[in-house]
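In: sequence and predicted model, in that order:
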Amino acid sequence: MALIKSVRGFTPKIGENVYLADNATIIGDVVIGDDSSIWFNTVLRGDVNSIRIGKRVNIQDGSVVHTLYEKSVAEIGDDVSIGHNVTIHGAKIEAGALIGMNAVVLDHAVIGEGALVAAGSVVLSGTQVEPGSIYAGTPAKFIKKIDPEQSKEINQKIARNYLMYAGWYK
């Protein structure tokens with residue numbers, strides 16, 4: 001069973017039909033929307049500020065979501081996929097975005113709706129990733145725009161697949 005821990009008077013709030021892997025860790029001021037999945041060895045550490053996760057979000061194995069004390073919050077919109085071993089630190093990820101494996105997204109960065117951050121990229125603090133674009137590299141830079149329908153189709157397919165995968169474990 002996942003470790004769900006209250007801290008500083010905050011207890012995580014978990015939506016309906018949420019899958020939490022056995023060794024996921026959910027701490028403090030965290031709200032997880034319906035139909036989301038938090039996978040193995042993932043840590044959502046809302047001890048120093050809030051973490052808000054939308055509906056149908058999958059945060060894959062080994063990822064960490066954290067914030068800066070009194071300075072940043074983490075917000076993840078609906079239908080977002082966060083790849084394996086990603087670090088999200090005090091950033092906003094808008095609906096339908098995809099964050100590739102081993103990427104790092106730092107404080108006050110905003111990943112626009114339907115955007116894709118390539119695997120292994122580092123999105124520096126304060127970076128504004130344009131909606132419907134691909135960013136890649138260290139530091140992450142604009143690569144190209146992607147067709148909004150293609151982006152939506154890819155990202156929603158991943159979100160649906162993770163709903164299916166979560167069902168295998170329930």
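Out: Okay, I see it.
In: which strand runs longest in this protein?
Out: Ranked by number of residues, the top strand in the chain under DSSP state E is strand 43-53.
In: A helix includes Arg160, no?
Out: Yes: assigned with DSSP: H, G, I helix; E, B strand; the rest coil, Arg160 falls within a helix.
In: pull the number of nearby residues for it.
Out: 14 (other Cβ atoms under 10 Å). Yep, even glycine has a C-beta here, placed from its N, CA and C like the rest.
In: swap in the one 3 residues further on?
Out: Using other Cβ under 10 Å, Leu163 has 16 other residues around it.
In: how about Asp34?
Out: 14.
In: wait, it sits on Val57?
Out: No: using Cβ atoms under 8 Å, Asp34 is not in contact with Val57, being 9.8 Å away.
In: so what secondary structure elements neighbour the longest strand of the chain?
Out: For strand 43-53, the elements it packs on are strand 25-32, strand 64-66, strand 74-76, judged by 3 or more Cβ pairs under 8 Å, 6 or more residues apart in numbering; DSSP states H and E.
In: following it, which helix or strand shows up next?
Out: strand 58-59 (DSSP states H and E).
In: can you list the strands that that following strand pairs with?
Out: strand 37-38 (parallel), strand 81-82 (parallel) (DSSP bridges).
In: would CSV of those with distance to Arg160, mean pLDDT and mean neighbour count be doable?
Out: Formatted as CSV, those follow (distance: least, Cβ to Cβ, whole Å; pLDDT from 0 to 100; neighbours: other Cβ atoms under 10 Å):
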stretch, distance to Arg160, mean pLDDT, mean neighbour count
strand 37-38, 12, 98, 26
strand 81-82, 10, 98, 26
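In: save those as CSV, and put in distance to Pro139 too.
Out: Formatted as CSV, those follow (distance: least, Cβ to Cβ, whole Å):
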stretch, distance to Pro139
strand 37-38, 28
strand 81-82, 19
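In: okay, buried residues for the helix-or-strand element of the chain with minimal mean pLDDT please.
Out: Lowest by mean pLDDT, DSSP states H and E among the helices and strands of the chain is helix 148-169, with a mean of 88. By neighbour count on 16 or more other Cβ atoms under 10 Å, the buried set for helix 148-169 is Ser151, Lys152, Ile154, Asn155, Ile158, Ala159, Tyr162, Leu163, Ala166.
In: report the separation between Leu116 and Val18.
Out: 25 Å (Cβ to Cβ, to the nearest Å).
In: let's check: the centremost residue of the chain is which one?
Out: The chain has Ile82 as the residue nearest its centroid, 4.6 Å off, counting by Cα atoms, centre = their mean.
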